[in-house]
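Engineer: Structure for the following, please:
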Amino acid sequence: RVIGDWIGFYNHQRPHQALGMKTPAEAYALAA
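Structural biologist: Just a heads-up that it's a prediction; the model follows:
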């Protein structure tokens, strides 16, 4: 459960500098 929560935070809430301060979910949605 803790790992699942962290993965959700990492992919949907935490901005990533390498993605132009977007979340992986946002970057994926823009690429699709």
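Engineer: Contacts for the longest helix along the chain, please.
Structural biologist: In the chain, taking DSSP state H as the definition, the longest helix is helix 2-12. The contact list for helix 2-12 (Cβ atoms under 8 Å, 6 or more residues apart in numbering) reads 23-25. Glycine gets a C-beta too; all of them are placed from N, C-alpha and C.
Engineer: Kindly report the same for stretch 21-30.
Structural biologist: By Cβ under 8 Å, 6+ apart, stretch 21-30 touches 10-16, 19-20.
Engineer: Let's see that with 7 Å instead.
Structural biologist: Residues from elsewhere that reach stretch 21-30 (Cβ atoms under 7 Å, 6 or more residues apart in numbering): 11-16, 19.
Engineer: From the contacts of helix 2-12, which land in helices?
Structural biologist: Per DSSP H, the subset of the contacts of helix 2-12 in helices is 24-25.
Engineer: Reformat the contacts of helix 2-12 as TSV; add neighbour count and pLDDT.
Structural biologist: Formatted as TSV, the contacts of helix 2-12 follow (neighbours: other Cβ atoms under 10 Å; pLDDT from 0 to 100):
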residue	neighbour count	pLDDT
Thr23	17	97
Pro24	15	97
Ala25	13	97
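Engineer: CSV for the contacts of helix 2-12, including distance to Arg1?
Structural biologist: Shown next, in CSV, are these (distance: Cβ to Cβ, whole Å):
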residue, distance to Arg1
Thr23, 21
Pro24, 21
Ala25, 20
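Engineer: Much appreciated, bye for now.
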